[in-house]
Structure formats: C-alpha cells, structure tokens
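1. for reference, the sequence and a predicted model appear below.
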Amino acid sequence: MLSTMQDVPLLVTRILQHGMTIHGKSQVTTWTGEAEPHRRSFAEIGIRATRLANALRDELGVQQDDRVATLMWNNAEHVEAYFAIPCMGSVLHTLNLRLPPEQLVFIVNHAADRVVLVNGTLLPLLAPLLPHLPTIEHVVVAGVGDRSVLEGLDVRVHEYEDLLEGRPDTYDWPELDERQAAAMCYTSGTTGDPKGVSYSHRSIYLHSMQVNMAESMGLTDKDTTLVVVPQFHVNAWGLPHATFMTGINMLMPDRFLQPAPLADMIEREKPTHAAAVPTIWQGLLAEVTANPRDLTSMKQVTIGGSACPPSLMEAYDKLGVRVNHAWGMTETSPLGTMAHPPAGLSAEEEWPYRLTQGRFPAGVEARLSGPGGDRLPWDGESAGELEVRGNWIASSYYGGAAGEPSRPEDKFSEDGWLKTGDVGVISPDGYLTLTDRAKDVIKSGGEWISSVELENALMAHPDVAEAAVVAVPDEKWGERPLATVVLKEGATVDYAGLHAFLGRSIAKWQLPERWAVVVAVPKTSVGKFDKKVIRKQYADGDLDVTELG
C-alpha cells in the first residue's frame, strides 16, 4: 500500500523562495571595515540571485550541470551565488582560497569549472592560476580590487554589478530531480589529492532542516548568526541555506577575519550566535582579554573542525558565552553531532557531556569498527574507527568530468558506510567522544595514546597558547609522543614543569619525553593542526627538541 502524501521535490529553489517571501525582511549584513556595514534583505538577495541566474544563462551561456566556481569571502554576493547557481540547475563549486596554488589548479581542472566568480581583493590569488585552468571561460569580479592583473589573459572578464544590471527579476526555475548535484566542495587534501564531494538538492534541504532543529543550532528569526566559518568550508556548515529556511539574520565578516574586527562586529552588531573553528575563538579570546569588548549578546557559539580545548570552553563560560561542540566533515555536509547535554542536569553534571563531540541526530547512523573490522559496543570505553551513514552523508567521491564516482576502500565500507578516519568511543546514550584521528593516534608499545587528550591538557597550562602532539619513531616503544608548544607572550619554557603539569591528569607512561617550542602550530587550509608538517620538521631535524631523562 502506498501513502496518499504528495511528493514535492526537496530543492534549494524552495529554500530560496521561502526565504525571500516568508522571511523577506531578514537581513544579510556584510562587514566593510568602514563606519557602516552593508545591509541587504532576504527579499533583495532573492531578486539579485534571480538576476544573476539570468545573467549566467543569457550572457555567459551557463547550462544545467555546468560547474560554476566561487573564490569569495563570506558576503552578500556569495550568498546570492549560493542560490542562483543550484536553482538554475548548475553546480556551485566553492573554492578554498587557503589551499596551495597547485591544489587549487587540480580542483578547478578536476571539476571542469566553466565560470569563476571572484572578489576583487582575491584577484592576485586567481590571476597567476588562470593560464593553468583551460576550462575557465569567464571571470566575474565583485567588489573592490585591481582588475589590471587580468589583462592579457585568455578569459572574458565581467563586472558582477554590470551583469545584474537590467536583468529580469523573474526566472523560470526548472523542476529539478532532487538527487541532482547542487553544490560541491573538495576535501583539504591533507593526504593525496583533494577529493570532491557533491551535495544533492535533497541532502542540502534535509541538512538545513537538521541545522535548525533545537538539538542542533536551534536558531530563529529573532537571532543573528555571525558566519565566520568560510562559505568554502562545507557550505559554511549549512548556515546560508538554514537561515533562509527560518529567517535567521546573517552577519558576514567578508575579509575582516582578524580578532580585532571580529570583536568590533560582535560589539556593534550584537549577534546571538556564531560558528567557527577553535583557532578563531582562541584569537578572539586573546583580543578581548587585552582589549575588553562587550560579547554579552552572543549567547552561544558552535565550534567544530577540530577538538575544542576545555580551557577555551571555560574561558568563554566566564564571559557568558556558551560553547557548543560539534563534529562533522566535508563528507557529512557537515553536521554529524552536537554536544547538547541531556535535560535535568546541573552545570557540573553537564560538563562531561559538553566535552564530547555530541549526540547523533536522527538523520545520522553511527557504528564503531575495531582494527579487524569487528563492530564495537557503545559502552563509552571501546575505541574504534567511526563509520556513519545517512541522508546527508557522502556515498562516493566525484570522479571528475568524465569519470565514474570513486569509492576508495579506505574511505567506504563494502556495505556503503563512510569511514571517517576518526577514532573514538560512543556512550550508551549516543554521545561521541573522539580520541584522535586514526592517522594521528600514537601507537606506543602496543597501546594507544591520544594526541588530542595530551593537547587539551597542555593548553590548560597558563603559559601555553597552543600545543600539538605527534607520534615520532622510538627504538624501544615503536612510537612516542613529541609535544610542540606555543608559549604565551612573556612566558619562558619549563619542560619539566609542563611534564609535571601533564602528570596531574595523564597516566605517567603516556607523558612525552620529547619537547619543542614553536612560534606557531602549522595549520591546514581550514584551521586544523597540520601534523604532517610537524612530523616532517622533526624528521628533517628542523625542530630544537629537548629530551627529558
């Protein structure tokens, strides 16, 4: 027996139409670095997205399934592209502007992008790459920036505002298959070439609904979210789409991502929510500690991308800002878990739950696999590799313009689950605690040492700004931890003191013997610790390592 329910395709188009009509007065505010930020209503965003779609089709010849790239900051024009491109049946391809040039060239060529929309301030990054991007036919430039760097290049250059001028305010949006690709992002390529993940209209729609659930970010049209997480980083964690569903106002920082302007944005525009990786919040904390600002409007912060040190959570608690831990990845759209404690607990009882990566929502199924592939129990103790599946979880990687989807054995199980590469435990009530990345776990004498646990403990020390721990070869134990630390201004190194400090909370056999002070922990393009760089520095003898007896 079939149901009697209507079957209306879940399309990004419907998110756009809902936002620009039902929530037309909600705003996208873009920071300009000047006295007044730029403000544009959802209704205006919708009209301009419609004009952009007309221009892409009529002037640039963009067709359904064509890939249209963006190399842009978080701003109103980027939001317009977020809707115009997928709603016309093409594929939005956000480019990570922090990737090395050779990886950007690989990504654009692999996706066979025909058009790239770029902020003028990023033209010095794009221009040297264009001779190596044979599929790019058109460059559309938005905002201030020196266009002369494009002179002599074999591409047609267009001004964003000129393209929109005089275009119709209506578009006959196609009724697409909801499983059609709407957007794509590439992984950061920390091992091998970056891999493409293409999100369907259906997956974006369902993911947006989950973002808006109370057990996730749970925002409404009374809220303003400061979207620090880049729009090229897994669709800004789904926020541009989720906001149009519920009318959440967006505050976009554009290129002003330094701690001081972020603090100014919060004080002046009073967002109630913000989302970014831990390194952003560490920098902001240092800024407001040195130069106090009013952060009291910001009731909650979503932190993901890498583990949030407990000391950072505690510091923001004292400022009245609630940190909510989240876990996800490019392949999971990215929302996988959110760390909201169960009901009815005191603040003290909530704390262990807040330190987890969080609970799985109804749309994400999870399991743990041991080294031999055996399924491990959810007992809060049995550690294994996390595998997930669900309606917004990737089932393969994009195989290229003429290729079949790619399903590497180390990324996907035989029965189709995504192998995340994260090692952790799951409690009986479904809370995930990640202990490490599979590639970063320290295998010492047949036992595992969590680099994340060591890092969090070190960053609780008053003299330590950042800490990264990696496995290095050891003749006796196979591997042992090397601790690299960034000291706070004015602090002096005391390895014995740091070793003793760790010994208060970490088992003695897990304590590092090798130590080094570094100016900064190397980061990936999305702000995570780049541990392969540290391992190479150690192997090449580039670190000044002290070994404790």
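-> Alright, I've got the coordinates.
2. for the stretch 1-150 of the chain, which segments count as helices?
-> 12-21, 42-58, 76-87, 101-111, 123-126 (DSSP state H, counting those that start in this stretch).
3. okay, the ones you listed in a markdown table with mean neighbour count next?
-> Just so you know, the C-beta spots here come from the backbone N, C-alpha and C atoms, and that holds for glycine as well. Shown next, in a markdown table, are the helices of the stretch 1-150 of the chain (neighbours: other C-beta atoms under 10 Å):
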| stretch | mean neighbour count |
| --- | --- |
| helix 12-21 | 21 |
| helix 42-58 | 22 |
| helix 76-87 | 27 |
| helix 101-111 | 19 |
| helix 123-126 | 18 |
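4. just put those in JSON lines and tack on distance to residue 236 and mean pLDDT.
-> Formatted as JSON lines, the helices of the stretch 1-150 of the chain follow (distance: least, C-beta to C-beta, whole Å; pLDDT from 0 to 100):
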{"stretch": "helix 12-21", "distance to residue 236": "14", "mean pLDDT": "98"}
{"stretch": "helix 42-58", "distance to residue 236": "15", "mean pLDDT": "98"}
{"stretch": "helix 76-87", "distance to residue 236": "9", "mean pLDDT": "98"}
{"stretch": "helix 101-111", "distance to residue 236": "18", "mean pLDDT": "95"}
{"stretch": "helix 123-126", "distance to residue 236": "20", "mean pLDDT": "98"}
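5. could those helices be laid out in CSV, adding distance to residue 322?
-> What follows is those, written out as CSV (distance: least, C-beta to C-beta, whole Å):
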stretch, distance to residue 322
helix 12-21, 27
helix 42-58, 27
helix 76-87, 26
helix 101-111, 36
helix 123-126, 36
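6. among these, which comes closest to residue 328?
-> Closest to residue 328 of the helices of the stretch 1-150 of the chain is helix 76-87 (C-beta to C-beta; 18.5 Å).
7. straight-line length of stretch 37-45, end to end?
-> With C-alpha to C-alpha, to the nearest Å applied, stretch 37-45 spans 16 Å between its terminal residues.
8. looking at the helices of the stretch 1-150 of the chain, which is nearest to residue 469?
-> It's helix 101-111; of those, that one is closest to residue 469 (C-beta to C-beta) at 26.2 Å.
9. burial measure for residue 251, as a count.
-> A count of nearby residues for residue 251, using other C-beta atoms under 10 Å, gives 24.
10. contacts only, for it.
-> Counting by C-beta atoms under 8 Å, 6 or more residues apart in numbering, residue 251 touches 29, 31, 224, 225, 226, 227, 265, 269, 271.
11. so which of those residues sit within strands?
-> 29, 224, 225, 226, 227 (DSSP state E).
12. okay, now the third one: neighbour count?
-> Using other C-beta under 10 Å as the criterion, residue 225 is surrounded by 25 other residues.
13. that one pairs with what?
-> residue 250, residue 273 (DSSP bridges).
14. ok, back up a step: now render the ones in strands among the contacts of residue 251 as TSV, adding pLDDT and distance to residue 333.
-> Below are those laid out as TSV (pLDDT from 0 to 100; distance: C-beta to C-beta, whole Å):
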residue	pLDDT	distance to residue 333
29	98	25
224	98	23
225	98	17
226	98	21
227	98	16
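15. in the worst-scoring helix or strand of the chain on mean pLDDT, what's buried?
-> When the helices and strands of the chain are scored by mean pLDDT, DSSP states H and E, strand 447-449 comes last with a mean of 77. Using 16 or more other C-beta atoms under 10 Å as the test for burial, strand 447-449 gives residue 449.
16. pLDDT on the helix or strand that that strand is followed by, on average?
-> Note on strand 447-449: by DSSP states H and E, the next helix or strand toward the C-terminus is helix 451-458. Predicted confidence along helix 451-458 averages 90 (mean pLDDT).
17. show me where the stretch 101-250 of the chain has its strands.
-> 115-119, 138-142, 156-159, 181-186, 196-200, 224-227, 249-252 (DSSP state E, counting those that start in this stretch).
18. compare those and give me the one nearest residue 12.
-> Using C-beta to C-beta, the nearest of those to residue 12 is strand 181-186, at 5.2 Å.
19. the closest one to strand 196-200, inter-axis angle?
-> Compare the direction of strand 181-186 with that of strand 196-200 by axes from the mean of the first three to the mean of the last three C-alpha atoms, to 10 degrees and you get 150 degrees.
20. next, give phi and psi for the residue positioned nearest the centre of the chain.
-> Central residue of the chain (C-alpha atoms, centre = their mean): residue 233, 4.2 Å from the mean position. Main-chain torsions, residue 233, degrees, to the nearest 10: phi -100, psi 90.
21. start the count at 53 instead of 1 going forward.
-> Will do, 53 is the new start, and the previous item becomes residue 285.
22. correct me if wrong: it contacts residue 147.
-> No. With contact defined as C-beta atoms under 8 Å, residue 285 does not reach residue 147; the gap is 11.1 Å.
23. if I pick the residue nearest to the centre of the chain, what's in contact with it?
-> 148, 237, 357, 578.
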